[in-house]
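sharing a model that was predicted from the sequence below.
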Amino acid sequence: MAPLAAALRTILVLLLAWQAAIWLFAPPRYILPSPLDVAAAFQRQPGFLFGHSLTTMAEIVLGFVLGSAFGALTALAIVALPRLGRLLWPVLLVLQSFPVFVIAPLLVVWFGFGMGSKVIMATIIIFFPVASAFTDGLRRTDPELIDATALTSATHWQTLRHVRLPLAMPSLLTGLRVAAPLAPLGAVIGEWVGSSAGLGFVMVQANARMQTDTVFAAMTVLAVLSLVLRHLVDALGPRLIPWASEQ
């Protein structure tokens with residue numbers, strides 16, 4: 001509870017500083033609304049924001065689950081099949097270098113304006129940090145442990161399953177922690193490019209109408225979703241991988 005209380009105090013201080021800056025400099029509302037204006041935007045259209053938040057939340061959850069699963073399976077394939085790994089790893093590095101803003105319009109063309117293209121966008125963004133962190137963890141197994149298992153009758157697959165995989169799980173958890181705040185980014189980028197629902201759609205429409213308070217309200221919901229997802233990973237990770245919290 002202490003970290004949560006500290007975070008809430010920090011947020012409260014930032015909100016007070018923001019409101020004080022508004023009173024002091026009095027910028028036009030369409031440039032920088034006050035926290036009270038943003039709160040009024042929530043009060044003015046709660047059902048509208050909640051409905052679009054559900055759409056974005058579904059895209060985030062599906063993208064996070066799929067990206068994590070594909071990232072973990074790819075890392076296992078790279079380490080379990082070294083020849084495949086030597087071919088696959090450079091390809092992944094090249095694909096990772098493409099800016100997501102370049103890929104997003106193509107996904108809309110290929111998969112349409114529905115939820116599919118946004119889920120795939122979020123999946124791609126989640127995939128790379130999970131695959132990279134888990135692959136690194138699997139490759140960093142203590143060589144002395146590998147040498148010790150070589151003295152037994154353990155096969156390559158048994159060594160991977162019973163030695164390398166458990167020891168690499170903390171790295172997988174680290175990848176998930178890095179990826180969690182990125183999931184909303186993937187979903188919103190997809191919505192910015194082309195959609196008829198979601199918080200990214202709300203932000204584009206509100207920005208075109210100079211409704212900056214609504215843009216900030218959507219940004220606030222996205223920030224909350226990111227924090228909740230990261231908190232869930234932090235809370236569930238040590239329960240599923242108890243030895244991860246000891247490292």
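Perfect, thanks for sending it.

could you use CA atoms for every contact and neighbour count after this?
Noted.

how about the helix or strand bottoming out on mean pLDDT in the chain: buried residues?
When the helices and strands of the chain are scored by mean pLDDT, DSSP states H and E, helix 143-150 comes last with a mean of 78. For helix 143-150, a neighbour-count test (16 or more other CA atoms under 10 Å) marks Thr149 as buried.

which residues sit against the helix or strand where Pro105 lies?
Pro105 belongs to helix 100-111 when assigned by DSSP states H and E. By CA atoms under 8 Å, 6 or more residues apart in numbering, the residues outside helix 100-111 that reach it are Ser117, Ile120, Met121, Ile125, Ile189, Gly190, Val193, Gly194.

now that we have the residues you listed, which one has the most neighbours?
Gly190 (32 neighbours; other CA atoms under 10 Å).

for Gly67, what are its contacts?
Gly67 neighbours (CA under 8 Å, 6+ apart): Ala122, Thr123, Ile124, Ile125, Ile126, Phe127, Val130.

other SSEs contacting the host helix or strand of the fourth one?
The one in question is Ile125. Assigned by DSSP H and E, Ile125 falls within helix 115-139. Judged by 3 or more CA pairs under 8 Å, 6 or more residues apart in numbering; DSSP states H and E, the packing partners of helix 115-139 are helix 46-80, helix 100-111, helix 165-179, helix 183-193.

any idea how far Ile103 lies from Leu199?
20 Å (CA to CA, to the nearest Å).

which of the two has more residues huddled nearby?
Between Ile103 and Leu199, counting by other CA under 10 Å, Leu199 is the more crowded of the two (30 against 14).

look at the more buried one and report its pLDDT.
At Leu199, the model reports a pLDDT of 92.

any low-confidence regions in this protein?
Along the chain, segments meeting pLDDT under 70 span 1-4, 243-247.

most distant residue from the centre of it?
Residue farthest from the centre of the chain, counting by CA atoms, centre = their mean, is Leu151 at 41.5 Å.

backbone dihedrals for that residue, please?
phi -80, psi -10 (degrees, to the nearest 10).

and it, what does it touch?
No contacts exist for Leu151 under CA under 8 Å, 6+ apart.

please apply the same query to Ile146.
Thr159.

and the helix holding Ile125, how far from the chain's centre?
The chain centroid and the centroid of helix 115-139 are separated by 9 Å under CA atoms, centre = their mean, to the nearest Å.

next one: stretch 102-118
18 Å.

quick check: end-to-end length of that stretch?
Termini of stretch 102-118 sit 14 Å apart (CA to CA).

mind checking which of the contacts of Gly67 are buried?
Ala122, Thr123, Ile124, Ile125, Ile126, Phe127, Val130.

so who does the fourth one touch?
What it means is Ile125. Gly67, Val100, Ala179, Leu182, Ala183, Gly186.

could you measure from Leu95 over to Leu88?
11 Å.

kindly report the same for Ser132.
For Ser132 relative to Leu88 (CA to CA), the value is 12 Å.

these two - which one has more neighbours?
The neighbour count for Ser132 versus Leu88, taken as other CA under 10 Å, is higher for Ser132 (20 against 14).

doesn't Leu73 make contact with the more buried one?
No. The criterion here is CA atoms under 8 Å, and Ser132 misses it with Leu73 at 11.4 Å.

pretty sure Val79 contacts Gly137?
No. Counting by CA under 8 Å, Val79 does not reach Gly137; the two are 10.1 Å apart.

with neighbour numbers in mind, choose between those two.
More neighbours surround Gly137 than the other of Val79 and Gly137, with 22 against 19 (other CA under 10 Å).
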